[in-house]
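Undergrad: one predicted model, sequence on top.
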Amino acid sequence: EAIKEAYSAKNPESKAAFDEAVTVLPGGGTRKTLYVDPFPLFITGGKGQHVTDVDGHEYWDLAGDFVSGLYGKTNPILRSAIMEALDSGIQLGMHTKKEAEFATLIRDRLPSMELIRFTNSGTEANLQAICASMHYTGRSKVAVFSNSYHGGVVADFYPGGARANEPGSLTLKVPFDYLICPYNDLEKTRELVNDLKDDVACIIVEPMQGAGGCIPGTPEFLRGLRELSKAIGAVLIFDEIQTARLAYNGLQGVYEIKPDMTTIGKYFGGGLAFGAYGGRKEIMSMFDTRKAVHVKVGGTFNNSIMTVSAGIAALRYVMTRPALEKVNTLGDMMRAEIMALFAKLGAPFEMTGVGAINEIHCLLPGPEGLSGQHLLFFGLLDKGIAIAQRGLCALTLLAEEGDIHRLTRAIQEVLEGDLFCSI
Ligand code: PLP
């Protein structure tokens, strides 16, 4: 409570902005992910890895817009691609050659996406991929995993991270016919899926659970799902909306698994609203408008020239193989350094993740765990570092080794502070 009072006192303008916003937006915003108890910070803008809030404080945004902010707040290459597109006509309403160019660049990285459709968000990409699997198989069950998040389509988690699971929160779900299986438990999943094998249209999985707390899937589990879905004739969908940035060919490249369909989004749009799904030709051909009978999906802004241009620039010049290698190596270093700190201090915390996407979990059970998580969040904020309240730390392409050491030092200072010693 003391720390929240100090936070309120330090941020009167954010508090006022929030009080105003709740009169017109439920919860004061349009993204539940951004909510912070007692109120989130309101920012005026950002540059590089930093944002400035309405009270004039500057923060290193280490939540990295929940992994989509891969490029940081500014990038001259993306900016000129967007400005050029803007000058060519803000919304063209007809095809340009750039759509196929963009799709080809995506397929070069993720060959499982043999044919590709664009959307405006990851949520839509998953929704349409799941629907495609239902049309393709003529079946209706959707196998998903405990603690997963696939956007506003389906989620089975409480936003506090995997280790702070609290039942009772409602998540928005498209009312598909779900079969919820335990993540990383291949035996149990096999049992559940095999029981209903003639009904299962798809198995949709995050190769690393993102919103559920940065919980990596084991290679054996993911490879097992490949075999299982093949054996029963269901479509395996890899939701790589978060994880595609963890390696040049996504996590599917690292584990050498070719799913039937893949969904992507976030940073692939070069900083603008984007999602895409793609997969085997036989499945994706159902969307082929030349066919007398095809699955009809429109999407006014699906070929937005702004997004397509920004995406092409991002893939060609910014989210390059060396850039991804650098940031993900730094992320692995960060996790090792911070885990070593927790061990040295005997602090009840751990950091989980892969490459540059990681989450800090307080291992204390119940309310103490939540307090620990919040004290760390507010403590770091006070030192100018904004991780996500649930503990997410997602590095941008601008991160440098010195940033990691700065974070480690700041965590140590917070954990050795008076408030922490009191829990
Ligand atoms: N799938 C995963 C794994 C995600 O992390 C997200 C967003 O965080 C989505 C889907 C939804 O994407 P969007 O927010 O663009 O709808």
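TA: Here it is on my side, so go on.

Undergrad: can you count the residues close to whatever residue of the stretch 1-150 of the chain ends up closest to the ligand?
TA: Nearest residue of the stretch 1-150 of the chain to the ligand, counting by CB to the nearest ligand atom: residue 122, 2.4 Å away. All C-beta atoms are positioned from the backbone trio N, CA, C, and that covers glycine. By other CB atoms under 10 Å, 28 other residues sit near residue 122.

Undergrad: try the one 10 residues further on
TA: By the other CB under 10 Å criterion, the neighbourhood of residue 132 contains 26 residues.

Undergrad: so the residue nearest to it when sequence neighbours are not counted is in which element?
TA: Closest residue to residue 132 apart from its sequence neighbours, by CB to CB, 6 or more residues apart in numbering: residue 283 at 5.8 Å. Element membership of residue 283 [criterion: DSSP states H and E] is helix 281-284.

Undergrad: and residue 222, by the same measure?
TA: Per DSSP H and E: residue 222 is located in helix 219-232.

Undergrad: and that helix, what's its mean pLDDT?
TA: Taken as a whole, helix 219-232 has an average pLDDT of 98.

Undergrad: pull out the buried residues from that helix.
TA: For helix 219-232, the neighbour count (16 or more other CB atoms under 10 Å) marks 221, 222, 224, 225, 226, 228, 229, 232 as buried.

Undergrad: right, and out of those residues, which lies closest to residue 406?
TA: Closest approach between the buried residues of helix 219-232 and residue 406, by CB to CB: residue 222, at 34.3 Å.

Undergrad: give the contact list for that closest one.
TA: Residues near residue 222 by CB atoms under 8 Å, 6 or more residues apart in numbering: 205, 207, 251, 255, 257.

Undergrad: show the end-to-end separation of stretch 140-148, please.
TA: End-to-end span of stretch 140-148 (CA to CA, to the nearest Å): 19 Å.

Undergrad: in it, what's buried?
TA: Buried, per 16+ other CB under 10 Å, within stretch 140-148: 141, 142, 143, 144, 145, 146, 147, 148.

Undergrad: which residues touch the fifth one?
TA: Residue 145 makes contact with 156, 180, 181, 182, 183, 189, 205, 206, 209 under the criterion CB under 8 Å, 6+ apart.

Undergrad: now it: phi and psi?
TA: phi -110, psi 150 (degrees, to the nearest 10).

Undergrad: does it have beta-bridge partners, and which?
TA: Under the criterion DSSP bridges, residue 145 forms beta bridges with residue 181.

Undergrad: contacts only, for the most centrally placed residue in the chain.
TA: Here the mean C-alpha position of the chain is nearest to the C-alpha of residue 242 (CA atoms, centre = their mean), at a distance of 3.7 Å. Counting by CB under 8 Å, 6+ apart, residue 242 makes contact with 67, 206, 208, 210, 266, 357.

Undergrad: of these, list those near the ligand.
TA: Contacts with the ligand are made by 206, 210 out of the contacts of residue 242, judged by CB under 6 Å from any ligand atom.

Undergrad: and the furthest pair within the contacts of residue 242?
TA: Among those, 208 and 266 lie farthest apart (CB to CB), at 14.0 Å.

Undergrad: how many residues are close by the residue in the stretch 251-400 of the chain positioned nearest to the ligand?
TA: Nearest to the ligand, among the residues of the stretch 251-400 of the chain, is residue 265, at 4.5 Å (CB to the nearest ligand atom). By other CB under 10 Å, the residues close to residue 265 number 27.

Undergrad: quick revisit: the residue lying closest to the residue of the stretch 1-150 of the chain closest to the ligand once chain neighbours are set aside pairs with what?
TA: Nearest residue to residue 122 in three dimensions, chain neighbours excluded: residue 265, at 3.3 Å (CB to CB, 6+ apart). Beta-bridge pairing of residue 265 under DSSP bridges involves residue 275.

Undergrad: I'd assumed residue 118 was in contact with residue 265.
TA: No - here residue 265 lies out of contact with residue 118, judged by CB atoms under 8 Å, at a distance of 9.9 Å.

Undergrad: need the residues touching each of the two.
TA: With CB under 8 Å, 6+ apart, residue 265 and residue 118 have common neighbours 274, 275, 276.

Undergrad: packing partners for the top helix by length along the chain?
TA: Identified as the longest helix of the chain according to DSSP state H is helix 321-345. Contacts defined by 3 or more CB pairs under 8 Å, 6 or more residues apart in numbering; DSSP states H and E place helix 321-345 against strand 349-354, strand 357-362, helix 401-415.

Undergrad: so which of those is the most packed in?
TA: Greatest average neighbour count among the helices and strands packed on helix 321-345 goes to strand 357-362 (a mean of 25), per mean count of other CB atoms under 10 Å.

Undergrad: which strand or helix spans the closest residue in space to residue 11 that isn't next to it in sequence?
TA: Excluding the flanking residues, the one nearest residue 11 by CB to CB, 6+ apart is residue 55, at 5.1 Å. Residue 55 belongs to no helix or strand when assigned by DSSP H and E.

Undergrad: who's in contact with residue 55?
TA: Counting by CB under 8 Å, 6+ apart, the residues that residue 55 touches are 10, 11, 12, 13, 14, 41.

Undergrad: before we move on, the earlier item: and residue 375, which of the helices and strands packed on helix 321-345 is closest to it?
TA: That would be helix 401-415 among the helices and strands packed on helix 321-345, by CB to CB, at 7.2 Å.

Undergrad: following that closest one, which helix or strand shows up next?
TA: Per DSSP H and E, the first helix or strand lying C-terminal to helix 401-415 is helix 418-421.

Undergrad: what comes up buried for that following helix?
TA: By 16+ other CB under 10 Å, the buried positions in helix 418-421 come out as residue 420.

Undergrad: cool, and stretch 324-335?
TA: Under the neighbour-count criterion of 16+ other CB under 10 Å, stretch 324-335 has 324, 326, 327, 328, 330, 331, 334, 335 buried.

Undergrad: what of stretch 364-380?
TA: In stretch 364-380, residues buried by neighbour count (16+ other CB under 10 Å) are 364, 369-380.
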